[in-house]
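>>> Starting from these lines, generate the structure:
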Amino acid sequence: MRKLFGVTLAMLLIGLPLTAQDKKPEGEEKKPLTAKQLNKEVLDEIQKFQKENKSGDRAELLKVVDQGFERFLRAIEDNPKASDINDMVSFAARYVTSEKSMNKLGETVVLKTNILQGEKPFQVIMMLGGRNPKFLDKAMELNKSKEVTALVSFLKAQAAMSEFSESGKKEDKEKVLKLVAAVPADMALDIGSPRKYEIGKMAAKLPKKLEAIENLAVGKPMPEIISKDLDGKSVKLTDYKNKVVVLDIWATWCGPCRAMIPHEREMVEKLKDKPFNLISLSADGEVKTLKDFLEKEKMPWTHWHIGASGEVHDILNIEHYPTIFVVDHKGVIRYKEIRGEQLEEAVEKLLKEMETK
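Next up is the predicted model:
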């Protein structure tokens, strides 16, 4: 997370429009802004800054976003029993720019509001608990309902899954399984959307994901991948044996994925005479979306279409985009989640290994 810049409260107030907390005409009482009204004002301030500052100074933009966050924080503190307090917290979370701010919001919710003791604190717990284990502990302490206990267990299981993915330690795996066991199979929560948040079904899938993580560890053989090319023909990873292969699981709508394209293009050109293949696996919903994109963007390497979900996603345990695997000529996973110069250096190292054997 980006660190918060040292901006004093006095500075935060500069240039902001009057709100219910600002000075009012004598004898006149203004109603506090609703969450939606405040969000509109904050967005207007951000958009105004962006229009007036063409230099694209990111540090200054973050200060404006932080100002918006502070306004929401004051609104929560000043009117903690507002009918839309849950929305107020949810909007505030959108303007968090640092771990410090996230922790500050969590403390305010615990100390100033009764959200966690309410009947449906689920959305707030999800938004604030993912990066704040102490907040999850406090939520379960203040609300001992089976729903909150299940949700906290599930969120902690997801966090433990990430830890296991990095460590591979047996104790981390057992931690995940223990937390999963605390989530009833039929548990579904109303998080304020038309669809239920079916954490029971999602938790039941985590043990299989653990198995996938183990099978995809660096040093393990890469599982066989069977997919479709742009013409709908069946293709498989073993067709590329005796070559160094980079698997790039991406989507045309993914900003970080698209940012990789220029360097990937340079790398492919540089290594065009080497036993190397870059295979991009598109997670776009429709193959036409990919084809249309490739007509405009030069990406002269191998492309497969795996869709938004399915067997390949399960085999590779896809949780985010891009997901990168680097496989050596023997079909062994040698690197994961590397990009740019680091990716190119890894490929060149594996190619040299081939030459010396």
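>>> Now do the strands in the stretch 251-357 of the chain.
276-282, 302-305, 323-327, 333-336 (DSSP state E, counting those that start in this stretch).
>>> Would you format these as JSON lines with mean neighbour count included?
C-beta here means a position set from N, CA and C on the backbone, and glycine is covered the same way. Converted to JSON lines, the strands of the stretch 251-357 of the chain look like this (neighbours: other Cβ atoms under 10 Å):
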{"stretch": "strand 276-282", "mean neighbour count": "22"}
{"stretch": "strand 302-305", "mean neighbour count": "21"}
{"stretch": "strand 323-327", "mean neighbour count": "22"}
{"stretch": "strand 333-336", "mean neighbour count": "18"}
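>>> in the stretch 251-357 of the chain, what spans have low per-residue confidence?
Counting by pLDDT under 70, the stretch 251-357 of the chain shows low-confidence ranges at 357.
>>> rewinding a little: kindly reformat the strands of the stretch 251-357 of the chain as CSV containing distance to Gln117.
Formatted as CSV, the strands of the stretch 251-357 of the chain follow (distance: least, Cβ to Cβ, whole Å):
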stretch, distance to Gln117
strand 276-282, 46
strand 302-305, 48
strand 323-327, 39
strand 333-336, 42
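>>> Out of the ones you listed, flag the one nearest Glu264.
For Glu264, the closest of those is strand 276-282, at 6.2 Å, according to Cβ to Cβ.
>>> and of the strands of the stretch 251-357 of the chain, who's closest to Leu33?
strand 323-327 (41.5 Å).
>>> now for the closest one, which elements pack on it?
Taking 3 or more Cβ pairs under 8 Å, 6 or more residues apart in numbering; DSSP states H and E as contact, the helices and strands that strand 323-327 lies on are strand 244-250, strand 333-336, helix 340-355.
>>> just checking, what packs against the second one?
So that's strand 333-336. strand 323-327, helix 340-355.
>>> and with 6 Å instead?
strand 323-327 (3 or more Cβ pairs under 6 Å, 6 or more residues apart in numbering; DSSP states H and E).
>>> Same question for the last one.
Using 3+ Cβ pairs under 6 Å, 6+ apart as the contact criterion, the elements in contact with helix 340-355 are strand 244-250.
>>> The strand it packs on pairs with which strands?
Using DSSP bridges, the strands paired with strand 244-250 are strand 276-282 (parallel), strand 323-327 (antiparallel).
>>> Would you mind giving the ones you listed as TSV with distance to Leu216 added?
Shown next, in TSV, are the strands paired with strand 244-250 (distance: least, Cβ to Cβ, whole Å):
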stretch	distance to Leu216
strand 276-282	14
strand 323-327	8
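>>> Of those, which is nearest Ile46?
Using Cβ to Cβ, the nearest of the strands paired with strand 244-250 to Ile46 is strand 323-327, at 31.3 Å.
>>> still on that earlier bit, between the strands paired with strand 244-250, which one is closest to Lys134.
strand 323-327 (29.9 Å).
>>> contacts for the closest one?
Met222, Val245, Val246, Leu247, Asp248, Ile249, Ile333, Arg334, Tyr335, Lys336, Glu337, Ala346 (Cβ atoms under 6 Å, 6 or more residues apart in numbering).
>>> and with 7 Å instead?
222, 245-249, 316, 333-339, 343, 346-347 (Cβ atoms under 7 Å, 6 or more residues apart in numbering).
>>> If I take it and helix 340-355, what angle do their directions form?
For strand 323-327 against helix 340-355, the angle by axes from the mean of the first three to the mean of the last three Cα atoms, to 10 degrees is 20 degrees.
>>> Look up the pLDDT of the residue lying closest to Asp229 once chain neighbours are set aside for me, please.
Spatially, and ignoring its direct neighbours in sequence, Asp229 is nearest to Val235 (5.1 Å; Cβ to Cβ, 6 or more residues apart in numbering). Looking at Val235, its pLDDT is 97.
>>> Give the next helix or strand downstream of the host helix or strand of Leu210.
Leu210 is part of helix 199-215, with elements assigned from DSSP states H and E. Counting by DSSP H and E, the next helix or strand C-terminal to helix 199-215 is strand 226-229.
>>> State the distance from the spatially most central residue of the chain to Leu210.
In the chain, the residue lying closest to the centroid (Cα atoms, centre = their mean) is His320, at 6.9 Å. According to Cβ to Cβ, to the nearest Å, His320 stands 17 Å off from Leu210.
>>> before we move on, back to that, show me the one of the strands paired with strand 244-250 that comes nearest Tyr240.
strand 276-282 (5.2 Å).
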